[in-house]
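Visitor: sequence below, structure please.
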Amino acid sequence: MDFTSISGRGLVLLGCGKMGSALLQGWLAGGLNPAAVHVIDPNPSDWVQAQGVHINQPLPDSPAVVLIAVKPQMMGAALPRLQSYGGGGTLFVSVAAGTLISAYEAVLGAATPIVRTMPNTPAAVGRGITAICGNAHATPADLDMAQALMSAVGQVVRLEGEHQMDAVTAVSGSGPAYVFHLIEALAAAGAAQGLGADLAMQLARATVTGAGELAHQAPESAAQLRINVTSPGGTTAAALEVLMNPETGFPPLLRRAVQAAADRGRELGK
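Guide: Down below sits the predicted model:
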């Protein structure tokens, strides 16, 4: 990533918890000068304090980017102190779930370039995926900058517009929890078949993470990978008859789950 504009004007990171720290770690590993980063956080971790960045110190007059990584419930108190940066000179990038672009525009001004993003928790290990979209004043260069910044923690995709963000939240934002619950449920099912609880959990975790890595690396589609494991009339086929049932299996269950998450996202955004 080219950090030239940031190095010259600075980057303000509002909030440096798990997501903010993961991003900061990626930026520094990518060559960003720590002296260009200004962190605002009431309780910075020992790791953050050891990185050589500015912490809770006077901010630059016109930073290139302000990245907002505080929890949505803290937004009301945190955002007004950055109001002077609104108006067009500074790009605002938000990783706060559920906060609409219009909420930022109400505080910062409609002429402020704003990019809203939705990362997910695998960002903590550099394997996240982030969806981004900008407001009317976010230029192609602004979107490129946001994409470069979020690439520090994984893949980045661009949306047609903010109207797709609730669906993204329901699939990839909340999705890791669905996978973690799959591990729990698979381990419980193994225990019900006579395995010890610890062994069942070890098998379930390794199976899900291994299959995920195979899906990541293999050129085949997910459907083909499933077919590759499934011998006609075998044990996998017997299980898939249950899991792929169009009325009681995974497909209708996940449709309902994703629908519920998307609906809740729309409610929270009102």
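Visitor: need the contact list for residue 205.
Guide: 183, 187 (C-beta atoms under 8 Å, 6 or more residues apart in numbering). Every residue, glycine included, has its C-beta placed from N, CA and C.
Visitor: now do it against residue 189, distance only.
Guide: 14 Å (C-beta to C-beta, to the nearest Å).
Visitor: any residues in contact with both of the two?
Guide: With C-beta under 8 Å, 6+ apart as the test, residue 205 and residue 189 reach no residue in common.
Visitor: and the helix or strand hosting residue 184, what does it pack against?
Guide: According to DSSP states H and E, residue 184 maps onto helix 175-192. If contacts are counted by 3 or more C-beta pairs under 8 Å, 6 or more residues apart in numbering; DSSP states H and E, helix 175-192 sits against helix 197-217.
Visitor: how far does the helix it packs on sit from the chain's center?
Guide: Here helix 197-217 is found 22 Å from its chain centre; the criterion is C-alpha atoms, centre = their mean, to the nearest Å.
Visitor: stretch 135-147 too?
Guide: 18 Å.
Visitor: same question, stretch 90-98
Guide: 12 Å.
Visitor: that stretch spans what distance, first to last residue?
Guide: 22 Å (C-alpha to C-alpha, to the nearest Å).
Visitor: just give the closest residue to residue 195, not the sequence neighbours.
Guide: Of all residues not flanking residue 195 in the chain, residue 203 sits nearest, at 7.2 Å (C-beta to C-beta, 6 or more residues apart in numbering).
Visitor: repeat for residue 174
Guide: residue 261 (4.9 Å).
Visitor: for stretch 3-16, give the mean pLDDT please.
Guide: Stretch 3-16 comes out with an average pLDDT of 89.
Visitor: all helices of this protein, in order?
Guide: Applying DSSP state H to the chain gives helices spanning 4-9, 18-29, 46-49, 75-78, 101-108, 140-150, 165-168, 175-192, 197-217, 222-229, 235-243, 250-268.
Visitor: which of the ones you listed has the lowest mean pLDDT?
Guide: Checking each of the helices of the chain, the one with the poorest mean pLDDT is helix 75-78, at a mean of 80.
Visitor: for that helix, buried residues please.
Guide: Residues 75, 78 are the ones in helix 75-78 that count as buried (16 or more other C-beta atoms under 10 Å).
Visitor: swap in stretch 173-180?
Guide: So for stretch 173-180, counting by 16+ other C-beta under 10 Å, buried means 173-175.
Visitor: same deal with stretch 234-244?
Guide: Under 16+ other C-beta under 10 Å, the buried positions of stretch 234-244 are residue 240.
Visitor: leaving out sequence neighbours, find the closest residue to the residue nearest the centre of the chain.
Guide: Per C-alpha atoms, centre = their mean, the C-alpha nearest to the average position across the chain is that of residue 119, at 1.3 Å. Once flanking residues are discounted, residue 119 sits nearest to residue 130: 4.1 Å by C-beta to C-beta, 6+ apart.
Visitor: spell out which residues make up each domain of this structure.
Guide: 4-167, 175-268 (automatic domain parsing).
Visitor: deepest of those, which one?
Guide: Most buried of the domains of the chain by mean neighbour count (mean count of other C-beta atoms under 10 Å) is domain 4-167; its value is a mean of 18.
Visitor: starting at the chain centroid, how far to it?
Guide: Its chain's C-alpha centre lies 12 Å from the corresponding centre of domain 4-167 when counted by C-alpha atoms, centre = their mean.
Visitor: got the end-to-end distance for it?
Guide: End-to-end for domain 4-167, by C-alpha to C-alpha: 35 Å.
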